[in-house]
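Chemist: Need the 3D shape of this:
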Amino acid sequence: MSKTQTLEHKEGYEKNKLGWTPEGWTVMSLGKIGEFSKGKGVAKKDIQENDVEGLPSIRYAEIYTLYDYYTYSLETKINEESARNSNPINYGDILFAGSGETLEDIGKSVAYLGNETAYAGGDIIILKQNCQDSQYLGYLLNNDVVRNQLFKLGQGHSVVHIYSSGLKKVLIPLPPLPEQQKIAQILVTWDKAIALQEQLIAEKQALKKGLMQRLLTGKKRFPGFEEEWEVVKLEDVCDFKNGKGHEKSIDPTGQYVVVNSKFISTDGSVRKYTKKQASPLFKNNIVMVMSDVPNGKALAKCYLIDEDNRYSLNQRICSLTSININTKFLYYQLNRNKFYLKFNDGLSQTNLKKKEVLGCPIVVPQMEEQEKIVSVIEASGESLKLMQEAVKDMIQQKQGLMQQLLTGEKRVKI
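Modeler: Sure, this is the predicted structure:
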């Protein structure tokens, strides 16, 4: 039985333009709850740099890059002259991004809950209202019940725009104010719990990074290991292979993942596919970026292949197969800090040659100590992974609860 059918037979609900909502809730257009206006001014040149004191301000791109649902403070600061050319915003105002590169960006909003008058830049649409709970609206307006309507309003192609004329017609379900406040309070409690866990993860990551730094440089030794570490070149401990071009064989229906610089720099999250495995990779191959844009951050970054018969190596990416060295020790050592790698001219260059990679010196202990170092790092990583998975579960639970609360499928006691 579908959700709609369930609600149709559930006492206390009524059907309206949004589907089914609890009796006592109202369905209103955004144009009925406040007045719309536009932000203006606040060019990039107006931003106060280097922590110079100024007046709080927000630019449209910051709505979908810096803020989520609501904010009590704004990071960008501007001077008084720029503020005079901008539009002021105050506590409770809802700020919509009027432009975006994708439909997902368009119309994203944030509720401003700061007590200090701030200023909204161009391409921001301001909704001034004082009859609803703004924190509740911050959650509601970024929920599917509203987002699905906003997708239909997006105009444009490479850049998508939305206008107040369209926003005014967007319908929202509104419970009585005390229920709005209770729903917002519940969701804020979840957000605080998630933020606390994310802070603990960040602290754990910092501890792991420091531990790896000490272990991989020999500053921290385990009892029973006293042998001096040896300086070797990569050519002494691994085999090298160059990749091949895949530009003409990219196919989203392909079964092989193309390992390119984007794949490596995003830890595998950005993928292209091919049906042609031009340069096969195997489990425990280490792949390294050998070309990058000027001042790029991916050069010399590494990734450890985790499966057989799934990946194909792109050109200007090399693979390293370990010989007489623990593969994960080598991977951690290479990826610990790319600036540690001593190539000919450092990493100011944007291309590496085979001889530069193979000539790179690294410091290694005996195999038994390598294995001990890897086991400690892996244990720390597993603990961190469990914490990250727990946060993902919390976020999913919160999203499910938010959907239920904001549509009235789940009610709160007042």
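
Chemist: Check the gap between the residue positioned nearest the centre of the chain and Ser86 for me.
Modeler: Central residue of the chain (C-alpha atoms, centre = their mean): Thr65, 9.1 Å from the mean position. Using C-beta to C-beta, to the nearest Å, Thr65 is found at 19 Å from Ser86. To be clear about C-beta, it is placed using only N, CA and C from the backbone, and glycine gets the same treatment.

Chemist: How about Leu207?
Modeler: From Leu207 to Ser86 the distance is 43 Å (C-beta to C-beta).

Chemist: what about these two, which has more around it?
Modeler: Ser86 (23 against 12; other C-beta atoms under 10 Å).

Chemist: any weak-confidence spans in the stretch 101-250 of the chain?
Modeler: The stretch 101-250 of the chain contains residues with pLDDT under 70 at 103, 155-159.

Chemist: Which parts of it are helices?
Modeler: 134-140, 144-153, 164-167, 177-217, 234-237 (DSSP state H, counting those that start in this stretch).

Chemist: Format the ones you listed as JSON lines; extra columns: distance to Leu330.
Modeler: What follows is these, written out as JSON lines (distance: least, C-beta to C-beta, whole Å):
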{"stretch": "helix 134-140", "distance to Leu330": "47"}
{"stretch": "helix 144-153", "distance to Leu330": "46"}
{"stretch": "helix 164-167", "distance to Leu330": "55"}
{"stretch": "helix 177-217", "distance to Leu330": "11"}
{"stretch": "helix 234-237", "distance to Leu330": "7"}
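
Chemist: Ramachandran angles for the nearest residue to Ile125 once chain neighbours are set aside?
Modeler: Distance criterion C-beta to C-beta, 6 or more residues apart in numbering; nearest residue to Ile125, sequence neighbours excluded, is Phe96 at 4.2 Å. Phi and psi for Phe96, reported as degrees, to the nearest 10, are phi -110, psi 140.

Chemist: Residue numbering should commence at 32 henceforth.
Modeler: Let's use 32 as the start, then, which means that last one is Phe127.

Chemist: burial count for Phe127?
Modeler: For Phe127, using other C-beta under 10 Å, the count is 26.

Chemist: Find the helix or strand that the nearest residue to Gln236 once chain neighbours are set aside is a member of.
Modeler: Closest residue in space to Gln236, ignoring its immediate chain neighbours: Leu415 at 6.5 Å, by C-beta to C-beta, 6+ apart. Assigned by DSSP states H and E, Leu415 belongs to helix 398-438.

Chemist: For that helix, enumerate the helices and strands it packs against.
Modeler: helix 165-171, helix 175-184, helix 208-248, helix 358-366 (3 or more C-beta pairs under 8 Å, 6 or more residues apart in numbering; DSSP states H and E).

Chemist: about what we covered before: assess the claim that the residue nearest to Ile156 and Asp154 are in contact.
Modeler: No - Phe127 is beyond contact range of Asp154, at 9.5 Å (criterion: C-beta atoms under 8 Å).

Chemist: What are the contacting residues of stretch 127-138?
Modeler: 69, 91-92, 94-95, 139-140, 154-158, 172, 178, 181-182, 184-185, 189-194, 198 (C-beta atoms under 8 Å, 6 or more residues apart in numbering).

Chemist: try it again with 7 Å
Modeler: Applying C-beta atoms under 7 Å, 6 or more residues apart in numbering, the external contacts of stretch 127-138 come out as 91, 94-95, 139-140, 154-156, 158, 181-182, 184-185, 190-193, 198.

Chemist: Show me how to select, in ChimeraX, the buried members of these.
Modeler: Buried subset of the contacts of stretch 127-138, written as a ChimeraX selection, criterion 16 or more other C-beta atoms under 10 Å:
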select :91,94,95,139,140,154,155,156,158,181,184,185,191,192,193,198
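
Chemist: Just the contacts of stretch 127-138: which are in strands?
Modeler: Those of those mapping onto strands are Ser140, Ile155, Ile156, Leu158, Val191, His192, per DSSP state E.

Chemist: just those residues now: which is nearest Asn340?
Modeler: Val191 (40.1 Å; C-beta to C-beta).

Chemist: if we can go back for a sec, in the ones in strands among the contacts of stretch 127-138, find the pair that's most separated.
Modeler: Leu158 and Val191 (19.1 Å).

Chemist: quick one on the thing from earlier: just want the angle from the helix holding Leu415 to helix 175-184.
Modeler: If you take axes from the mean of the first three to the mean of the last three C-alpha atoms, to 10 degrees, helix 398-438 sits at 90 degrees to helix 175-184.

Chemist: what separates helix 398-438 from the chain centre, distance-wise?
Modeler: The chain centre lies 16 Å from the centre of helix 398-438; the measure is C-alpha atoms, centre = their mean, to the nearest Å.
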